[in-house]
Structure formats: C-alpha cells, structure tokens
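Undergrad: Pasting the sequence and the predicted coordinates here, then a few questions.
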Amino acid sequence: QVQLVESGGGLVKAGGSRRLSCAASGRAFRDYSMAWFRQAPGKEREFVAAIKRNGGTTTYADSVKGRFTISRDNAVNTLYLQMNSLKPEDTAVYYCAASSGIITSTMTRGGSYAYWGQGTQVTVSS
C-alpha cells in the first residue's frame, strides 16, 4: 500500500496561485494513478484532476480546466497540483488519492481510489 501526505495549502487572494504537493511513501509511487479531490464546507467531495501512472493521461473537472495543472515526479514520489487564477469558490480541503488499477472512464470517481491523504486546506479570499 501507499501512504499520502499533502502540503502547500494556505490562504491566498483571488487571482493568486498556489501549488499543492502530495508526498507518497510505501509501495512504488509509479505503480499508482493519482488524483486530487476537494471538499468545501457543507458540500460533497468533488473530483478536481487525475493523472495516470506514467503521466501520459490527465483529466480535469470543467470548473478547473485551464487554471489547474496536475503533474507528477516519479523520481521523487510526489504529485503536484498547480492552481492559478484562484477563485473564492476554490476554497476547500484538497485531498490526494491513489489507485493501483484504474481505467480512463473511472478516473473521476472517488470510489476508484483506495488510498487517501489527510487533506490540506486552501482558502481563497475575495
């Protein structure tokens, strides 16, 4: 299995940028497809972005497309989420998640991921 620890959250002004990191330990990071999800207060968890094992396939929620970029560095066992042009509605706890076996059509589903981090809070002020 894999252990995940997110970092990089904090307070940022609308229009600003932030980069989240997710450090993985345990089983080989390169064996996992990865994703970011988020959950705002009083709302359900929602998909943000996902990336396959070799980084060749990525997918994004429509709400973040063109503003957020997911990437990974398998050499240092880390997943990233670069967030630009942040909006107050991006405020949420952001979670990274890992799946050892996934197909493209299920990359956006939380149930496809067996391993989750503890989350990092991102607050965007207007």
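TA: Nice, thanks for sending it over. Numbers count the residues shown, from 1 in each chain.
Undergrad: so what's the spatially most central residue of the chain up against?
TA: Note on the chain: the residue nearest the mean C-alpha position is Trp36, at 2.0 Å, using Cα atoms, centre = their mean. Residues in contact with Trp36 (Cβ atoms under 8 Å, 6 or more residues apart in numbering) are Leu20, Cys22, Val48, Ala49, Ala50, Ile70, Leu79, Leu81, Tyr94, Tyr95, Cys96, Ala97. For glycine as for every other residue, the C-beta is placed from the backbone atoms N, C-alpha and C.
Undergrad: Nearest residue to it in space, ignoring adjacent ones along the chain?
TA: Distance criterion Cβ to Cβ, 6 or more residues apart in numbering; nearest residue to Trp36, sequence neighbours excluded, is Val48 at 4.2 Å.
Undergrad: what does Lys52 give?
TA: In space, and not counting its chain neighbours, Lys52 is closest to Ser33: 4.9 Å by Cβ to Cβ, 6+ apart.
Undergrad: give me the number of residues near the one you found?
TA: Number of residues near Ser33 (other Cβ atoms under 10 Å) recorded here: 24.
Undergrad: where's it relative to Gln39, distance?
TA: Note on Ser33: its distance to Gln39, by Cβ to Cβ, to the nearest Å, is 20 Å.
Undergrad: same thing with Val48?
TA: According to Cβ to Cβ, Val48 stands 10 Å off from Gln39.
Undergrad: follow-up on the earlier one: so the residue nearest to Lys52 bridges to which residues?
TA: In this entry, Ser33 is beta-bridged to Ser99, by DSSP bridges.
Undergrad: Now do the contacts for it.
TA: Ala50, Ile51, Lys52, Arg53, Ala98, Ser99, Ser100, Ile102, Met107.
Undergrad: which residues does the second one bridge with?
TA: Beta-bridge pairing of Ile51 under DSSP bridges involves Met34, Thr58.
Undergrad: burial of it, as a residue count?
TA: 24.
Undergrad: again with the fourth one
TA: If you count neighbours by other Cβ under 10 Å, Arg53 ends up with 19.
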